[in-house]
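Peer 1: Fold the following for me, if possible:
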Amino acid sequence: MATRYLRPGWFTTNVFNRLVAGLTRIGMSVLGSRILAVRGRKTGQWRTTPVNLLTHEGARYLVAPRGVTQWVRNVRAGSDVELRIGRRREPVALVELEGDEKIPVLRAYLRRWKMEIGAFFQGVGPDAPDPDLAAIAPGYPAFRVETRRPV
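Peer 2: Coordinates of the predicted model:
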């Protein structure tokens, strides 16, 4: 299976993401938004992107609706990760979900942000049967967010 990645368009990159990131940087969360900061796997420099932080059944999750993005590649390489809002920086560990454990998280993510990201999910919505979500799940990296104490 080819690695799935949908490159953001001009509007998303230059208007929407910048607006959400700007509001989040000053401490205003837009429907749970955070700035995800990940050290680059090659450069070691912090890379940031706005993300939708999902709280589901007492745990926190991040989903990559565009597929295997650079932040996903950096996380998989073991890079340092922080969630930021305003001046607050929270060091976290991201644990990738596998197989069927991804299905309820994808469903909850679609319920919460379908208007924003539904187009990326190949016509599969929050009310789709489990087999339909399982069929597309490999193209949507999902991670459980765990608090990491600074060393």
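
Peer 1: secondary structure element for Asp132?
Peer 2: helix 130-136 (DSSP states H and E).

Peer 1: tell me which residues of that helix are tucked away?
Peer 2: Asp132, Leu133, Ile136 (16 or more other CB atoms under 10 Å). Placement of C-beta: from N, CA and C, glycine included.

Peer 1: didn't the first one look like it was pressed against Pro126?
Peer 2: No. Taking CB atoms under 8 Å as the definition, Asp132 is not a contact partner of Pro126, at 11.0 Å.

Peer 1: Tell me where this structure has helices.
Peer 2: Taking DSSP state H, the helices of the chain run over residues 10-11, 17-25, 70-76, 103-117, 130-136.

Peer 1: would JSON lines of those with distance to Lys42 and mean pLDDT be doable?
Peer 2: What follows is these, written out as JSON lines (distance: least, CB to CB, whole Å; pLDDT from 0 to 100):
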{"stretch": "helix 10-11", "distance to Lys42": "26", "mean pLDDT": "68"}
{"stretch": "helix 17-25", "distance to Lys42": "22", "mean pLDDT": "72"}
{"stretch": "helix 70-76", "distance to Lys42": "9", "mean pLDDT": "95"}
{"stretch": "helix 103-117", "distance to Lys42": "28", "mean pLDDT": "90"}
{"stretch": "helix 130-136", "distance to Lys42": "30", "mean pLDDT": "94"}
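
Peer 1: Cool, thanks, talk later.
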